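Chemist: Make a model of this:
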Amino acid sequence: MASRIEQYAVIGDTQTAALVADDGSIDWLCTPRFDSGACFAALLGDNHNGRWLIAPTGHHRAKRRAYRKGTLVLETEFETADGAVRVIDFMPIRDQSVDLVRIVESVRGRVPMRMELIARFDYGSILPWVRSIDGDLRVVAGPDALVLRTPVTTTGEKMTTAAHFTVSEGDRVPFVLAWHPSHQPPPPPLDTQKALASTTRWWERWSARTTYEGDYADAVNRSLITLKALTYAPTGGIVAAATTSLPEWPGSVRNWDYRFCWLRDATFTLYALMSAGYVDEARAWREWLLRAVAGAPAKLQIMYGPAGERRLTELELPWLSGYESSTPVRVGNAASEQFQLDVYGEIEDALFQSRHAGLAGNESGWAMSRSVLEFLEDAWEKPDEGIWEVRGPRQHFTHSKVMAWVAFDRAVKVIEEFGERGPVKRWRALRDEIHAEVCAKGYDTDRGAFVQAYGSKHLDASLLMIPLVGFLPPSDERVHGTVAAIQRELTVDGFVHRYASGDVADGLPAGEGVFLPCSFWFADNLALMGRTEEARVMFERLMGLANDVGLLAEEYDPQAKRQLGNFPQAFTHVGLVNSASNLASTAGPARRRAETHPHR
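Modeler: Below you'll find the predicted structure:
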């Protein structure tokens, strides 16, 4: 059985990523070719589907592990009866290759070690050929190939490459596993010590660029490094997570592929990067956004691939038993074909906020905005699948209509503040019409709160966005009533569910953890309402859910005290950065986003 989600750490090279468990096993690696699948797939089934283990002989968990400060270089230390040993894991930043480097260092004593490499391609479905050529171990199947280089002697044991060796004081034993297209020669060998030094310096220099000086700096900087790790450097896209099909509840069917870039994350991500001084990354993310959404607005997708790919066909992989028997295992995401009204507001808000941050607008960007807004003039009245991507009937979701208001509000502001040309009178009128409709149809006077959809009695944590986007001020009694209702009905142990079980007719069984991004939004609402101490307490509790190396998934089970969902989750770490900024400054992202726009 795979480790619990929180027992993993992530390493990466800003093109791909791998997950390392605290028992020394790498159980998940995605190649840079999206359609080639994973080299390892142990997280998604039984361990025979693939892993790369380097650990002391016998069963051991790490006594301690940590990233080198300001880096994505992971150090895991094991204690045994014979002594102590350290495994250093990292991925060098090399444009033409993807390398996993593992260095075994003796700390003290004489420690027997074992290495097991079980490589499988296409999500564990393909058993590759393995040959020894000129001292290298070559692993080949179809378009993919791996090469393993190490001074340690390896042998084949039951479809597994194994090695047994001992490290003594002063020993450093390197292992390098490099991926390359099978029709090309392997990449040149690495000097592992030079690669370790250069990779450490690269991350230290990147981390040193941060301008964040508020409280919680260690957690904020770790979250920023994690966002950088989830960046696809060639294009500037940032994927939601490095994994697919880690369940929102063990044994459930809510298992989705998150290795894509969601448009609704755009504004939050831009704020997180820009508030910490990472303007280059913010600019690259905005340029990715403009390229990805280019085309007819009616064909706009809510998510794209890291390079802007649009065809994200969802498939099920029946040969994998799933993480803790959570099936089906999926690749691709059918939600990419849904109509989700809120993303139009996120696009317009992201482009507006980037101008406010000093990223100059351009003619093609405004032309795209105008095209989107012209489409939205009619489309805002239609029902949609909403922010939670329900796989059931479309509804008039309140949050979706609020974000349609955001789209026209930001367009009006671009014209007023930056001198762009457009039908401002018509857009002002539409902004006012949408606002009036949401207040009339999305608010339940009996409940004293906004509700999930027009005519519904159910609550939804997405309504926490109402003050965060400036639709209503945080002092409005309707906002207070909504926040109080969510706190009363959607929280468990103080953490926020997206909606009550069974509230959304998505055709899926009930059951999921509390949703960590929504919990950060709740803390932001408390801060905006002047309940700063409550906001700080909640934020610190959320921050305390991170694992021993500072990483967070999408959801959490307060009863079992375990993380759930795909990992590490960019949206959660974006929430941590933005909430920390909100608490550290009276001009944090939530206040700036809410107060720069007049409330209706």
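Chemist: ok, which stretches of the stretch 401-550 of the chain are helices?
Modeler: 424-441, 465-468, 477-489, 516-528, 532-543 (DSSP state H, counting those that start in this stretch).
Chemist: Mind checking those for the one nearest to residue 328?
Modeler: helix 516-528 (24.3 Å; C-beta to C-beta). Glycine gets a C-beta too; all of them are placed from N, C-alpha and C.
Chemist: tell me how far that closest one is from the chain's mean position?
Modeler: 18 Å (C-alpha atoms, centre = their mean, to the nearest Å).
Chemist: before we move on, what about stretch 542-550?
Modeler: Relative to where its chain is centred, stretch 542-550 has its mean C-alpha point 15 Å off (C-alpha atoms, centre = their mean).
Chemist: Straight-line length of that stretch, end to end?
Modeler: Taking C-alpha to C-alpha, to the nearest Å as the measure, stretch 542-550 stretches 11 Å from start to finish.
Chemist: Buried residues in that stretch, which are they?
Modeler: For stretch 542-550, the buried set under the neighbour-count rule, 16 or more other C-beta atoms under 10 Å, comprises 542-543, 545-547, 549-550.
Chemist: could I get the residues you listed as JSON lines with distance to residue 259 and pLDDT?
Modeler: Below are the buried residues of stretch 542-550 laid out as JSON lines (distance: C-beta to C-beta, whole Å; pLDDT from 0 to 100):
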{"residue": "542", "distance to residue 259": "24", "pLDDT": "98"}
{"residue": "543", "distance to residue 259": "26", "pLDDT": "97"}
{"residue": "545", "distance to residue 259": "23", "pLDDT": "98"}
{"residue": "546", "distance to residue 259": "22", "pLDDT": "98"}
{"residue": "547", "distance to residue 259": "21", "pLDDT": "98"}
{"residue": "549", "distance to residue 259": "21", "pLDDT": "98"}
{"residue": "550", "distance to residue 259": "21", "pLDDT": "98"}
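Chemist: Identify the farthest-apart pair in those.
Modeler: Longest span within these, C-beta to C-beta: 542 and 549, 16.5 Å.
Chemist: Mind pulling up the pLDDT for the closest residue to residue 512 other than its chain neighbours?
Modeler: Excluding the flanking residues, the one nearest residue 512 by C-beta to C-beta, 6 or more residues apart in numbering is residue 248, at 4.0 Å. For residue 248, the model assigns a pLDDT of 94.
Chemist: Tell me if I'm right that residue 248 and residue 556 touch.
Modeler: No - taking contacts as C-beta atoms under 8 Å, residue 248 lies outside contact range of residue 556: 10.5 Å.
Chemist: residue ranges with poor pLDDT in the stretch 401-550 of the chain?
Modeler: Scanning the stretch 401-550 of the chain for pLDDT under 70 picks out 502-508.
Chemist: Among the buried residues of stretch 542-550, find me the one that's closest to residue 205.
Modeler: residue 550 (19.9 Å).
Chemist: Now do the contacts for that closest one.
Modeler: 67, 218-219, 222-223, 226 (C-beta atoms under 8 Å, 6 or more residues apart in numbering).
Chemist: about what we covered before: quick one, which of the helices of the stretch 401-550 of the chain is nearest to residue 167?
Modeler: helix 532-543 (36.3 Å).
Chemist: hmm, who's touching that closest one?
Modeler: Here helix 532-543 has contacts from 216, 219, 494-495, 516, 519-520, 522-524, 526-527, 576, 579-580, 582-583, using C-beta under 8 Å, 6+ apart.
Chemist: Filter the contacts of residue 550 down to the buried ones.
Modeler: Of the contacts of residue 550, these count as buried by 16+ other C-beta under 10 Å: 67, 219, 222-223, 226.
Chemist: now, which of these sits nearest residue 118?
Modeler: residue 67 (26.1 Å).
Chemist: rewinding a little: can you tell which of the helices of the stretch 401-550 of the chain is closest to residue 46?
Modeler: helix 516-528 (28.7 Å).
Chemist: what secondary structure does residue 346 sit in?
Modeler: On the three-state scheme (DSSP: H, G, I helix; E, B strand; the rest coil), residue 346 is labelled helix.
Chemist: I misspoke; the intended subject was residue 116.
Modeler: strand.
Chemist: Tell me who's in contact with it.
Modeler: Residue 116 neighbours (C-beta under 8 Å, 6+ apart): 51-53, 160-162.
Chemist: picking that back up, would you reformat the helices of the stretch 401-550 of the chain as JSON lines and include distance to residue 328?
Modeler: Listed next are the helices of the stretch 401-550 of the chain as JSON lines, based on distance: least, C-beta to C-beta, whole Å:
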{"stretch": "helix 424-441", "distance to residue 328": "37"}
{"stretch": "helix 465-468", "distance to residue 328": "31"}
{"stretch": "helix 477-489", "distance to residue 328": "31"}
{"stretch": "helix 516-528", "distance to residue 328": "24"}
{"stretch": "helix 532-543", "distance to residue 328": "31"}
